[in-house]
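> build me a structure from this.
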Amino acid sequence: MWITTSTRSTTPQEFYANRILRIVPLYYLITTAWVLLLVVAPSLLQTSRLDTWHVISSYLFIPSAHPVTGAMEPVVFAGWTLNYEMFFYLIFGACLILPASLRMMSTVGILTSLVLAGLFVDHGATVIGFYTSSILAEFAIGMALGWAFENRRLLKARLALAAGSLGFLALPVLHAAMPDAPRLLTFGLPATLIVAGGLSLDQARRVAQWRLPHLLGDASYSIYLTHSMTLSAFGQVWRKLGLVEIAGPAAFVAAAFVAAAVIGVACYATVEAPMFRASRRWQQAKKPLSSGIALSSPSLARGSAL
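Next comes the predicted model:
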């Protein structure tokens, strides 16, 4: 978001419109598919239950407790991160009225203040706990990485490889060693090292251009939204075929990984990409001389850019 707006004159209204067009259509479609399944075949979704307010809040991106798990998750489980993302868009978009020199400071200041306030509140299944989580600091870190990328202040290639490797190593180690530690430490810090390393290597042109990773990157938003449904169905099929006894857990994980990727790519090719092109044509027809963020930007065509 920082990179796509720092050199363009974009109003909050244009920013919000572009983000809604990019994120909402596919999310609403997948959410509606989940709701319909809960109505006509609830047994297929063993970890979900139909609840009116939970459904409404899911469409409105309002965090609410899941009727089965109790966690602050919408109908589409993975969508809990979209609730954070929409909140970030609300703050970041409002700060677009400020000069670019103040935009970073203001957005990071708001996010940091909320995280600090979270030190004094209960982080159970509450809206206040949700919006004061240390997860918000990860958005600030992402903005800082965007600024570093834009100004070529990233790591040298050798250090980048070491940082990325350390991040991948630290991710499972920190989570296992400190399961109750703030997410910013156990997930945010390793993720920062991984992304910083990857961005640095990419900027130094040390990353090979392979078709499959590019395809998975393009389809990442579809994979993200469909994988929980895919894994739920795949797990039931796996059990009914008696493969639990025949194949070990490693085989299931590998097969489920491939299934989630294939279904996600299929969703991208047949649903997301056509919807994206249609929304782009609609926007261009509505305001052909718009100075807002170009929906045709390749970076925006690849997932939700969390």
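
> how far away from the center of its chain is the worst-scoring helix or strand of the chain on mean pLDDT?
Least confident helix or strand of the chain, by mean pLDDT, DSSP states H and E, is helix 243-246 with a mean of 81. In this view, helix 243-246 has its centroid 33 Å away from the chain centroid, taken as Cα atoms, centre = their mean, to the nearest Å.

> what's the answer for stretch 238-248, then?
On Cα atoms, centre = their mean, the centre of stretch 238-248 falls 32 Å from the chain's centre.

> can you check stretch 119-133 too?
Distance, centroid of stretch 119-133 to centroid of chain: 20 Å (Cα atoms, centre = their mean).

> got it, and stretch 107-119?
Using Cα atoms, centre = their mean, the offset of stretch 107-119 from its chain centre is 20 Å.

> go on, stretch 204-221?
17 Å.

> buried residues in it?
216, 218-221 (16 or more other Cβ atoms under 10 Å). In short, each C-beta sits where N, CA and C put it, glycine included.

> tabulate these (TSV), appending distance to Ser57 and pLDDT.
Rendered in TSV, the data for the buried residues of stretch 204-221 read as follows (distance: Cβ to Cβ, whole Å; pLDDT from 0 to 100):
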residue	distance to Ser57	pLDDT
Leu216	31	95
Asp218	30	95
Ala219	27	96
Ser220	25	96
Tyr221	21	96
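
> ok, so of those residues, who is nearest Pro182?
Ser220 (25.9 Å; Cβ to Cβ).

> any idea how far Glu73 is from that closest one?
Noted for Ser220: a distance of 20 Å to Glu73, by Cβ to Cβ, to the nearest Å.

> kindly report the same for Ala162.
Distance from Ala162 to Glu73, by Cβ to Cβ: 36 Å.

> ok, now Arg211?
For Arg211, the distance to Glu73 - Cβ to Cβ - is 34 Å.

> ok, and the closest non-adjacent residue to Val39?
If you skip the residues right next to it in sequence, Val39 has Leu50 as its closest partner in space, 6.6 Å away by Cβ to Cβ, 6 or more residues apart in numbering.

> one more: Val195?
Leu145 (6.0 Å).

> do the same with Gly264
Gly264 sits nearest to Ile223 (Cβ to Cβ, 6+ apart), 3.0 Å away.

> pLDDT wise, what is the one you found at?
On the pLDDT scale, Ile223 is placed at 97.

> likewise Phe120?
88.

> buried sites along stretch 112-123?
114-115, 118, 123.

> distance to Pro172 for those - can I get that in TSV?
Supplementary listing: the buried residues of stretch 112-123 in TSV, determined by distance: Cβ to Cβ, whole Å:
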residue	distance to Pro172
Leu114	28
Val115	24
Gly118	25
His123	23
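
> before we move on, back to that, neighbour count for Ala162 and Glu73, which is higher?
Just comparing Ala162 and Glu73: by other Cβ atoms under 10 Å the higher neighbour count belongs to Glu73, 25 against 14.

> look up how far Trp53 lies from the more buried one.
For Glu73, the distance to Trp53 - Cβ to Cβ - is 14 Å.

> likewise Pro190?
For Pro190 relative to Trp53 (Cβ to Cβ), the value is 35 Å.

> I am finished for the moment; much appreciated.
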